Structure formats: C-alpha cells, structure tokens
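> pasted the sequence and its predicted model underneath.
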Amino acid sequence: MATAIALFGFQSGAALATVVGVLVEVPVMLSVVHLVRRSRHWYEAGARRAA
C-alpha cells in the first residue's frame with residue numbers, strides 16, 4: 001500500500017484502489033474461509049455418499 005501511494009501520489013485512483021482492495025479483500029477471504037470450515041460437514045457427507 002505504501003508503495004502505491006509513494007509511486008502514484010496520495011490523490012490518485014490507483015493508490016486508492018490498492019488501499020481499498022487490500023482492506024476489503026482480507027476480511028472477505030477470512031469470511032470465506034470461516035464459512036467453508038463451518039460447512040465442511042456438507043462436503044464430507046457428499047463425498048461419502050458418492051463413494
């Protein structure tokens with residue numbers, strides 16, 4: 001993030017997109033991991049039925 005701000009300036013859209021992208025992506029990915037881990041039994045049950 002600091003590199004994007006240093007390269008493009010504080011007011012640029014590229015720096016804003018970089019900062020917002022990281023700040024949004026990390027919580028979304030953690031939420032997806034949490035959801036998949038909580039629903040793991042659905043996938044394991046489906047795999048047992050298919051075998």
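Perfect, I can see it now. Numbering: from 1, shown residues only.
> residues in contact with the most centrally placed residue in the chain?
For the chain, M29 is the residue whose C-alpha lies nearest the centre (C-alpha atoms, centre = their mean; 3.0 Å). Contact analysis of M29 by C-beta atoms under 8 Å, 6 or more residues apart in numbering lists nothing. The C-beta positions use only the backbone N, C-alpha and C, and glycine is treated the same way.
> could you measure from it over to S39?
M29 sits at a distance of 16 Å from S39 (criterion: C-beta to C-beta, to the nearest Å).
> now the element after the longest helix seen in the chain, going C-ward?
Using DSSP state H, we find that the single longest helix of the chain is helix 13-38. Using DSSP states H and E, the helix or strand that follows helix 13-38 in sequence is helix 40-50.
> name the residues of that next one that are buried.
Within helix 40-50, no residue counts as buried by 16 or more other C-beta atoms under 10 Å.
> go on, stretch 8-21?
A15, T18.
> so what touches it?
Counting by C-beta under 8 Å, 6+ apart, residues outside stretch 8-21 touching it are M1, A4, I5, L7.
> alpha carbons of it, as CSV, please.
Below are the C-alpha coordinates for stretch 8-21, written out as CSV (Å, rounded to 0.1, in the frame of the first residue of the first chain):
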residue,chain,number,x,y,z
PHE,A,8,1.2,7.3,-7.7
GLY,A,9,0.6,10.0,-5.1
PHE,A,10,-2.0,10.3,-2.3
GLN,A,11,-4.8,11.6,-4.6
SER,A,12,-4.5,9.0,-7.4
GLY,A,13,-7.1,6.5,-8.1
ALA,A,14,-4.5,3.7,-8.4
ALA,A,15,-3.4,4.3,-4.8
LEU,A,16,-7.0,4.4,-3.6
ALA,A,17,-7.8,1.2,-5.4
THR,A,18,-4.8,-0.5,-3.9
VAL,A,19,-5.6,0.5,-0.4
VAL,A,20,-9.3,-0.2,-0.6
GLY,A,21,-8.6,-3.5,-2.4
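> how far does it sit from the chain's center?
Remark: stretch 8-21 is offset 18 Å from the chain centroid, using C-alpha atoms, centre = their mean, to the nearest Å.
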